[in-house]
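# show me how the following folds:
(chains A, B, C and D)
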Number of protein chains: 2
Amino acid sequence: MNTSTEGQELAAWAKMLADSTRATVCLALLDGRAWTATELAKLAGVSRPTISEHLNMLVDGGLLSEVRQGRHRYVKLAGPETAELLEGLAALAPRRTEVANSLSAASKRDAFARARTCYDHFAGKLGVALTDAMTERGLLDWSDGVALTPEGARWLDELGIVVESRHGRPAVRSCLDVTERRPHVAGAVGAALCTHALQQGWVTRITGGRALKVTGSVETFGLPVGVVRELLSRS
Amino acid sequence: MNTSTEGQELAAWAKMLADSTRATVCLALLDGRAWTATELAKLAGVSRPTISEHLNMLVDGGLLSEVRQGRHRYVKLAGPETAELLEGLAALAPRRTEVANSLSAASKRDAFARARTCYDHFAGKLGVALTDAMTERGLLDWSDGVALTPEGARWLDELGIVVESRHGRPAVRSCLDVTERRPHVAGAVGAALCTHALQQGWVTRITGGRALKVTGSVETFGLPVGVVRELLSRS
DNA sequence: CGGTCAGTTCGGCGCCGGCCGAAGCAACCC
DNA sequence: GGGTTGCTTCGGCCGGCGCCGAACTGACCG
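From the prediction side, this is the model:
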């Protein structure tokens, strides 16, 4: 329990995010996808040698994981925990007063608030609405943290959604929504729902960010909709 | 929603913790008390000029708040949110394999795990046990997040514990315990309980850290004890 | 008033780290 | 084989930052 040792560990951790280039990279990676080094260099506005070094540091530090494929270096967040940490930190970053923005920026922000991914699951109004609907229907049990009810498991099964196990971690987790300030479904179940919806084409990614477009009907999930329906009418 | 701008903000934030001296200071401040500059300089093992600059940075950055009193500069964490962030980060820091430690270090760690403060409320086995006891007794409702039941409010009232309101934030919050990996009671209620117990002398601070010694009987809270009693017998 | 003590300001030192261009690999494509 | 492309390594540049000792300020104490 040596305080100075602890301090060093915490500092080493924070150092990874303490550079704006690296922070930008990590934030971009929050979309849950794997990016190549060159893509990230372009995004962050630095040269390839520079991004290469940054990626080395982040991978060595355990924040990112990489896959080499031919001459490509794909990099992504190391895992769900990492994504959670980043979401949490970003949510805690000082709430700046919104300055006057262009119309396109405003519409982008709207799209972002309406429906987006949070690493591997849904967030924004969509994520919260889906969570509410599942709760109403009795698919989730919030009495002690959050858990899937037997009905919930059956429901997933009927939809043909396979939830990949995550060695020891609970299948469904709660994640605080940055824009809604309310919890939404995360964890393996959240990821499975999101993957399924993307595969089915119910939602698609809006290029260049984490925002989503609801193309089909979220009612396809067979849930009592309410907010979801309202949301759809505005998409 | 400019990614690079977001990155800069996140980086600026992380930079405050990215230095081991500053990180050590923040960790020490997690005990919720106000420290003087010289105390912190000694703790961190740097000169007074150096600590002075670090404190400037942390205060300007909004992580710490300060009070000037005569020739003293008292500094503490800016608020509960800040403390939550730090606890969360520290919990996420890589779990090092425990190296061989001296006996005194081990006993310190035990004391720390048994009972300590987490900024302004109880943590460790004590915090978790108190939380469990309150839950058993029906003082807390975990069905949607966590809330105080009417019985809980009455109970606090009977004990003569006054909960200070925190403009809009829920009176009781859940905080993940670093050592127990389970939630314990935080928020205004958690703070009030801790303050009360300290005032009553039921627990006292072990000098030089966040660890607590249980001197009286936590049964004084009038709760079904179980774990708490077992805990007491070992303190 | 002089002495002490907490904290700050200043100047300067040293180094770490972010950046790039040029050159070097290594994979893939004719 | 030669050309292209994704990425890394190498040198070198430069700015920032963490640190200190010395000197200063301002509060408090006789």
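# kindly report the residues of chain A close to DNA strand D.
Contacts of chain A with DNA strand D, taken as C-beta under 7 Å from any atom of the strand, map to A:36-39, A:48-49, A:51-53, A:55-56, A:71-74. (C-beta placed from N, C-alpha, C; glycine too.)
# got a quick ChimeraX command for the buried subset of those?
With 16 or more other C-beta atoms under 10 Å in any protein chain shown as the criterion, this ChimeraX line picks the buried residues out of the residues of chain A next to DNA strand D:
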select /A:37,51,55,73
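# taking the residues of chain A next to DNA strand D one by one, which sit in strands?
Under the assignment DSSP state E, the residues of chain A next to DNA strand D contribute A:36, A:72-74 to strands.
# now these as CSV including pLDDT and distance to DNA strand C?
Shown next, in CSV, are these (pLDDT from 0 to 100; distance: C-beta to the nearest atom of the strand, whole Å):
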residue, pLDDT, distance to DNA strand C
A:Thr36, 94, 13
A:His72, 91, 8
A:Arg73, 93, 11
A:Tyr74, 92, 12
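# re the thing from before, pick out the lowest-pLDDT one from the residues of chain A next to DNA strand D.
Lowest in pLDDT among the residues of chain A next to DNA strand D is A:Arg71, which has 88.
# distance of that one from B:Ala133?
For A:Arg71, the distance to B:Ala133 equals 60 Å [C-beta to C-beta, to the nearest Å].
# what does A:Ala78 give?
Here A:Ala78 is placed at a distance of 38 Å from B:Ala133 (C-beta to C-beta).
# neighbour-wise, which of the two wins?
Using other C-beta atoms under 10 Å in any protein chain shown, the more surrounded residue of A:Ala78 and B:Ala133 is B:Ala133, with 22 against 17.
# buried residues of the strand or helix carrying that one, list them for me.
Element membership for B:Ala133, per DSSP states H and E: helix B:124-136. Residues of helix B:124-136 classed as buried under the neighbour-count rule (16+ other C-beta under 10 Å) are B:124-135.
# now do stretch A:159-173
For stretch A:159-173, by 16+ other C-beta under 10 Å, it's A:161, A:163, A:171-173.
# and chain B, is that stretch touching that?
No: using C-beta under 8 Å from any C-beta of the partner chain, stretch A:159-173 never reaches chain B; the gap is at least 11.8 Å.
# how about residues contacting that stretch?
By C-beta atoms under 8 Å, 6 or more residues apart in numbering or on different chains, the surrounding residues in contact with stretch A:159-173 are A:80, A:140, A:145-148, A:152, A:156, A:185-193, A:196, A:221-222.
# now do stretch A:141-152
Residues contacting stretch A:141-152 (C-beta under 8 Å, 6+ apart): A:134-135, A:137-140, A:156, A:170-174, A:183, A:185, A:189, B:142-145, B:183.
# how about 7 Å then?
The contact list for stretch A:141-152 (C-beta atoms under 7 Å, 6 or more residues apart in numbering or on different chains) reads A:134-135, A:138-140, A:171-174, A:189, B:142-144.
# okay, those residues in TSV with pLDDT next?
Below are the contacts of stretch A:141-152 laid out as TSV (pLDDT from 0 to 100):
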residue	pLDDT
A:Met134	86
A:Thr135	84
A:Gly138	84
A:Leu139	87
A:Leu140	87
A:Ala171	81
A:Val172	84
A:Arg173	80
A:Ser174	77
A:Val189	90
B:Trp142	74
B:Ser143	64
B:Asp144	57
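# so which of these sit within helices?
Within the contacts of stretch A:141-152, residues falling in helices by DSSP state H are A:134-135, A:189.
# look up how far B:Leu148 lies from the most centrally placed residue in chain A.
Against the mean C-alpha coordinate of chain A, by C-alpha atoms, centre = their mean, the closest residue is A:Cys118 at 1.6 Å. A:Cys118 sits at a distance of 30 Å from B:Leu148 (criterion: C-beta to C-beta).
# mind saving the C-alpha coords of the helix or strand harbouring A:Glu151 as CSV?
Applying DSSP H and E as the criterion places A:Glu151 in helix A:150-159. What follows is helix A:150-159 as a C-alpha-only set of coordinates in CSV (Å, rounded to 0.1, in the frame of the first residue of the first chain):
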residue,chain,number,x,y,z
PRO,A,150,-35.3,-16.6,-17.8
GLU,A,151,-37.8,-14.8,-20.1
GLY,A,152,-34.9,-12.7,-21.4
ALA,A,153,-32.8,-15.7,-22.2
ARG,A,154,-35.8,-17.3,-24.0
TRP,A,155,-36.4,-14.2,-25.9
LEU,A,156,-32.8,-14.0,-27.2
ASP,A,157,-33.0,-17.6,-28.1
GLU,A,158,-36.2,-17.1,-30.1
LEU,A,159,-34.6,-14.2,-32.0
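# what angle sits between it and helix A:124-136?
Interaxial angle, helix A:150-159 versus helix A:124-136 (axes from the mean of the first three to the mean of the last three C-alpha atoms, to 10 degrees): 120 degrees.
# list the contacts of the closest residue to A:Gln8 other than its chain neighbours.
Nearest residue to A:Gln8, sequence neighbours excluded (C-beta to C-beta, 6 or more residues apart in numbering or on different chains): B:Ser20, at 4.5 Å. Neighbouring residues of B:Ser20 by C-beta under 7 Å, 6+ apart: A:7-8, A:11.
# returning to what we had before: buried set for the helix holding A:Glu151?
Those buried within helix A:150-159 under the rule 16+ other C-beta under 10 Å are A:152, A:155-156.
# ok, for A:Leu205, nearest residue in space, not its chain neighbours?
In this structure residue A:205 is Arg, not Leu. Nearest residue to A:Arg205 in three dimensions, chain neighbours excluded: A:Leu212, at 6.1 Å (C-beta to C-beta, 6+ apart).
# I'd say the one you found and A:Cys118 touch.
No: counting by C-beta atoms under 7 Å, A:Leu212 stays clear of A:Cys118, with 10.8 Å between them.
# which residues of chain A fall in strands?
For chain A, the strands defined by DSSP E cover A:35-36, A:64-69, A:72-77, A:116-118, A:121-123, A:140-141, A:147-148, A:173-176, A:183-186, A:203-205, A:212-214.
# and chain A, what are its domains?
Per the record, chain A has its domains at A:3-78, A:101-234, by automatic domain parsing.
# and the residue in chain A positioned nearest to DNA strand C, its phi and psi?
For chain A, the residue closest to DNA strand C is A:Gly70, as judged by C-beta to the nearest atom of the strand, at 2.4 Å. Note on A:Gly70: its backbone torsions stand at phi 60, psi -130 [degrees, to the nearest 10].
# can you read off the pLDDT for it?
Reported pLDDT for A:Gly70: 86.
# contacts only, for it.
Contacts of A:Gly70 (C-beta under 7 Å, 6+ apart): none.
# which of the buried residues of stretch A:159-173 sits closest to A:Ala28?
When the buried residues of stretch A:159-173 are compared for distance to A:Ala28 (C-beta to C-beta), A:Arg173 wins out at 22.9 Å.
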